[in-house]
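Q: 3D, please:
(2 chains, ligands or ions: 3)
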Amino acid sequence: MPTETMNGAQLLLRALTDQGVDTVFGYPGGAVLPIYDELFKQNSIRHILVRQEGGAVHAAEGYARSTGKTGVVLVTSGPGATNAVTGLTDALMDSIPIVCLTGQVPTHLIGNDAFQEADTTGITRPCTKHNYLVKSVNDVSRVVHEAFYVAKSGRPGPVVIDLPKDVLFAQGPYTPPPAAGKEHKNYRPRVKGDAHAIEQAVALMAKAKKPVFYCGGGVVNSGPRAAALLTELVKLTGFPITLTLMGLGAYPASDKQFLGMLGMHGLYEANWAMHDCDVMICIGARFDDRVTGRLDAFSPKSKKIHVDIDPSSINKNVRVDIPIVGDCGLVLEDMLKAWKAQKAQPDKKALGEWWRQIGEWRARNCLAYKPSKETVKPQFALERLYHHIKDKDFYVTTEVGQHQMWAAQFLKFEQPNRWMTSGGLGTMGYGLPAALGVQIAHPDALVIDVAGEASILMNIQEMSTIAQYRLPVKVFILNNEYMGMVRQWQELLHGGRYAESYMESLPDFVKLAEAFGAVGLRAEKPGDVDGLIREMIKVKKPVIADVRVDKAENCFPMIPSGKAHYEMILGDEAGKPGEQKVSEEGMVLV
Amino acid sequence: MSKDQKTIRHTFSVLTDNEPGVAARIIGLFSGRGYNIDSMTVAEVDPEKNLSRFTIVTTGTEMVLEQIRHQLERLVSSRAVKDLTADGPHLERELALIKVAGKDAKRIEALRLADVFRARVVDSSLESFVFEVTGSTEKVNAFINLMKELGIVEIARTGVAAMSRGAKGM
Ligand SMILES: Cc1cc2nc3c(=O)[nH]c(=O)nc-3n(C[C@H](O)[C@H](O)[C@H](O)COP(=O)(O)OP(=O)(O)OC[C@H]3O[C@@H](n4cnc5c(N)ncnc54)[C@H](O)[C@@H]3O)c2cc1C
Ligand SMILES: Cc1ncc(C[n+]2csc(CCOP(=O)(O)OP(=O)(O)O)c2C)c(N)n1
Ligand SMILES: [Mg+2]
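A: Ligands and ions are numbered 1, 2, ... in the order given. Prediction:
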């Protein structure tokens, strides 16, 4: 029987289809025209035309994070590929599985400074988990299958496949997806935790007097089952739990054992519990500097258990006592088994005392803010937003800044995959394209981008994509006319000199919405907010809601850079503008 | 100095797929994360299995060295990583070519010293020799230091190649 041959572009689409791909976010150009020609001739893969390649990657990230699938991107050579770099770096930092197909000049021109040539594999080597330059048509389908495996297995991340144009035209054979266990000749990350270490960990947990679970994005990466197992273990032990920004939704936020987010803008009770605990159970979180604060003062009294699929995350910033390499889902399953097998009985009396102490911290009511009758407080706007969406099927993305932190503090997520934010890279402009990607995956859900007026302008062109595909995305702008987060730092660190952080010449967001065929809404007074939100949810069209909020509000609690958890500043204790709160050592940190 | 601050020298062996860009990945990993490369050598060692072997000499704190090992292991192209220094007795060898120019007594002295170091003469003219010396980094350094007095023109060194002692492979 003759082997089936096809051209490179056909091989590519066939491999994508066999990988279960139904959606590609992309933008055409000369080098990828053969692929677009094949896309034109088929119906199984839907192409979403973004307005800038950076938007394509964030859209794919939103799609991936909200579905658990791998996001797929298609861009042309040269500027198409370089525009994708920020999104790739974002996906790398936040462990999001992406396969990004980039066009390349034909192989015989590589290295000649040809038109729209860029050294894509060179440029993306440090911002991808892995990348490929496919030099022969015989490798196209094999490489695609391998790339999907690499993007998704172990610690997920972005993978680039660079495809020279002549390879797309050449004829070659198709290789079907390999059998399980044969996806890669040697890349096989460890997923099952060491049984002995798990027993030790459980024994340590059973003896704990002041334990705390500290969990993160790894639980979300592992999948909904890991979140369910985590919830079961937390319930079974009766221990408190805190989540990172990336982990929100991995444990139901409304549950009384949840202490809220921890870290730089985390809750008082969460940070104090981390500081005072005697046993820390870290699952799928990476001891980021936003979380630990000053390292030499980080949780000094605790024994630490760390479960992570990536051995390089363990002992990177903080030394731990019991490292467990494995997938959180599988390890949690084994932990539950071990806990039950050991008939572990937590120290009820000590735990009671620990919860009493936590109750005192909670009573500090660290998210309290001064309500106002004249101006809309951003916290108030989010409280009202949450009130109106909480019983709906909702997804939230954010941009980067104060509004992002307030959203993390004031919106509650009961399930994983509902909260999409740029944590590691902190990419302004992430939220709008990400929301677009989420809405494509969940056409009937309520998808909201909580935005700042500065960030939203970074990828505002994606409103046009939203219009084209009639996506009812809601952009909820907390418009403080400042790069608020920058202004807050300038207030704290630079004597209140607000260099270049005021947002001059903002567009009229209502008219801007209309120009994009969306609905524009505005709220200027606290009394307008409920009506605006109701209308925003009601209309079956995209909306830009311009909520004019207090320009001077700062986000608290805050652990200034280089400070320890116990040096957290609270809203009602914050100094006057210009009062130096940060040491010189702290100043150099970001 | 505490355990976490003292820097030590370690030699790693890394077996990788022999494919374009692997060296760039490893060098990029070291430069991007601010690790030191004291020396790095690489060559294909198994054409059938398409394997290359890197020997990397680096310095860092214990925590950094642990990171380096894990970072090397997590490269998709890497097959096996061994911290030779941590894993027990091992051998390190490098080769150097040293061109020495001089006349009369200096020339004779150079030959005599080369003999002591078991360096071979691989090229000679009336005014010069090229010596080939193999050994540990310390031995090569010592030989070069002595030759400095006798008119070194240029030096080329391969960097360290290393493997563990005993019957077992990587
Ligand atoms: C303005 C701003 C302020 C911020 N403030 C805060 C703050 O106050 N608090 C806060 O928490 N963050 C904050 N962040 C985010 C912060 O920068 C980090 O992105 C975040 O803390 C990292 O979350 P994480 O530890 O859950 O790790 P992630 O980046 O989600 O990494 C996941 C970890 O889990 C591992 N993993 C992945 N998959 C699996 C699996 N299947 N099984 C096991 N392990 C797995 C990975 O190897 C990795 O170590 C802020 C960001 C910005 C932009
Ligand atoms: C691409 C990019 N450039 C710069 C920054 C630095 N930065 C962090 S927050 C911020 C201001 C964000 O302003 P806005 O979107 O209005 O949000 P606010 O803080 O006012 O809520 C800036 C400039 C960034 N995170 N990303
Ligand atoms: Mg703003």
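
Q: gap between the residue in chain A positioned nearest to chain B and A:Trp406?
A: In chain A, the residue that lies nearest chain B is A:Ser312 (3.7 Å; C-beta to the nearest C-beta). Placement of C-beta: from N, CA and C, glycine included. Noted for A:Ser312: a distance of 33 Å to A:Trp406, by C-beta to C-beta, to the nearest Å.

Q: quick one: which of the two has more around it?
A: Taking neighbours as other C-beta atoms under 10 Å in any protein chain shown, A:Ser312 and A:Trp406 compare with A:Trp406 leading, 26 against 18.

Q: and that one, what helix or strand is that in?
A: Using DSSP states H and E, A:Trp406 sits in helix A:402-410.

Q: Where does pLDDT dip in chain B?
A: Across chain B, the ranges flagged by pLDDT under 70 are B:1-4.

Q: Return the residues of it in contact with chain A.
A: Within chain B, the positions adjacent to chain A are B:4, B:17, B:20-21, B:24-25, B:28, B:32, B:63, B:66-67, B:70-71, B:73-74, B:76-77, B:79 by C-beta under 8 Å from any C-beta of the partner chain.

Q: which among these end up buried?
A: Burial by neighbour count, judged by 16 or more other C-beta atoms under 10 Å in any protein chain shown, picks out B:Asp17, B:Arg25, B:Met63, B:Glu66, B:Gln67, B:His70, B:Gln71, B:Glu73, B:Arg74, B:Val76, B:Ser77, B:Arg79 from those.

Q: which ones among these are found in strands?
A: Judged by DSSP state E, these include B:Asp17, B:Arg79 as members of strands.

Q: how about the buried ones among the residues of chain B next to chain A, which pair is most distant?
A: The distance between the two most remote of those (C-beta to C-beta) is 28.5 Å, for B:Asp17 and B:Met63.

Q: A:Glu567 versus the residue nearest to A:Ala564 when sequence neighbours are not counted, what's the distance?
A: In space, A:Ala564 comes closest to A:Ala297 once its chain neighbours are excluded; the distance is 3.5 Å by C-beta to C-beta, 6 or more residues apart in numbering or on different chains. Counting by C-beta to C-beta, the separation of A:Ala297 from A:Glu567 is 8 Å.

Q: Next: A:Glu524.
A: Distance from A:Glu524 to A:Glu567, counting by C-beta to C-beta: 37 Å.

Q: Ok, A:Ala147 next?
A: For A:Ala147, the distance to A:Glu567 - C-beta to C-beta - is 45 Å.

Q: Pick out whichever of the two has more residues nearby.
A: More crowded of A:Ala147 and A:Glu567, by other C-beta under 10 Å: A:Ala147, with 27 against 17.

Q: Please name the bridge partners of the closest residue to that one other than its chain neighbours.
A: Once flanking residues are discounted, A:Ala147 sits nearest to A:Val159: 4.4 Å by C-beta to C-beta, 6+ apart. Beta bridges link A:Val159 to A:Val99, A:His130, judged by DSSP bridges.

Q: Do a quick rundown of the helices in chain B.
A: Counting by DSSP state H, chain B has helices at residues B:22-32, B:62-74, B:104-116, B:137-148.

Q: what about those helices, which gets the closest to A:Arg155?
A: When the helices of chain B are compared by C-beta to C-beta, helix B:62-74 sits nearest A:Arg155, at 7.8 Å.

Q: helices or strands up against that closest one?
A: strand B:8-17, helix B:22-32, strand B:51-60, strand B:78-83 (3 or more C-beta pairs under 8 Å, 6 or more residues apart in numbering or on different chains; DSSP states H and E).

Q: Of the ones you listed, which is nearest A:Gly217?
A: helix B:22-32 (21.9 Å).

Q: what's next to the closest one, contact-wise?
A: The contact list for helix B:22-32, computed with C-beta atoms under 8 Å, 6 or more residues apart in numbering or on different chains, reads A:122, A:125-126, B:14, B:16, B:35-37, B:40, B:42, B:52, B:54, B:56, B:58, B:68, B:71-72, B:75, B:77.

Q: at 10 Å instead, please
A: The contact list for helix B:22-32, computed with C-beta atoms under 10 Å, 6 or more residues apart in numbering or on different chains, reads A:121-122, A:125-127, A:130-131, B:12, B:14, B:16, B:19, B:21, B:35-37, B:40, B:42, B:52, B:54, B:56, B:58, B:68, B:71-72, B:74-78.

Q: Show the contacting residues for the residue of the stretch 451-590 of chain A found nearest ligand 2.
A: Closest contact between the stretch 451-590 of chain A and ligand 2, by C-beta to the nearest ligand atom, is at A:Gly452 (2.2 Å). By C-beta under 10 Å, 6+ apart, the contact set of A:Gly452 is A:378, A:398-404, A:428, A:431, A:458, A:477-480, A:482-485, A:503, A:549.

Q: Likewise for A:Gln342?
A: Residues near A:Gln342 by C-beta under 10 Å, 6+ apart: A:Glu199, A:Val202, A:Ala203, A:Met205, A:Ala206.

Q: Quick check: pLDDT value at the second one.
A: At A:Val202, the model reports a pLDDT of 98.

Q: what about it, distance to ligand 2?
A: According to C-beta to the nearest ligand atom, to the nearest Å, A:Val202 and ligand 2 sit 40 Å apart.

Q: Likewise for the last one?
A: In this structure, A:Ala206 and ligand 2 are 43 Å apart, going by C-beta to the nearest ligand atom.

Q: now the third one
A: Here A:Ala203 is placed at a distance of 43 Å from ligand 2 (C-beta to the nearest ligand atom).

Q: Residue numbers of chain A in contact with ligand 1?
A: By C-beta under 6 Å from any ligand atom, the residues of chain A that approach ligand 1 are A:94-95, A:155, A:216-218, A:221-222, A:244-247, A:261-266, A:284-286, A:288, A:290-291, A:308-310, A:313, A:327-328, A:400, A:404-405, A:423-424, A:426, A:485.

Q: so which of the helices of chain B is the most packed in?
A: Highest mean neighbour count among these (mean count of other C-beta atoms under 10 Å in any protein chain shown): helix B:62-74, with a mean of 20.
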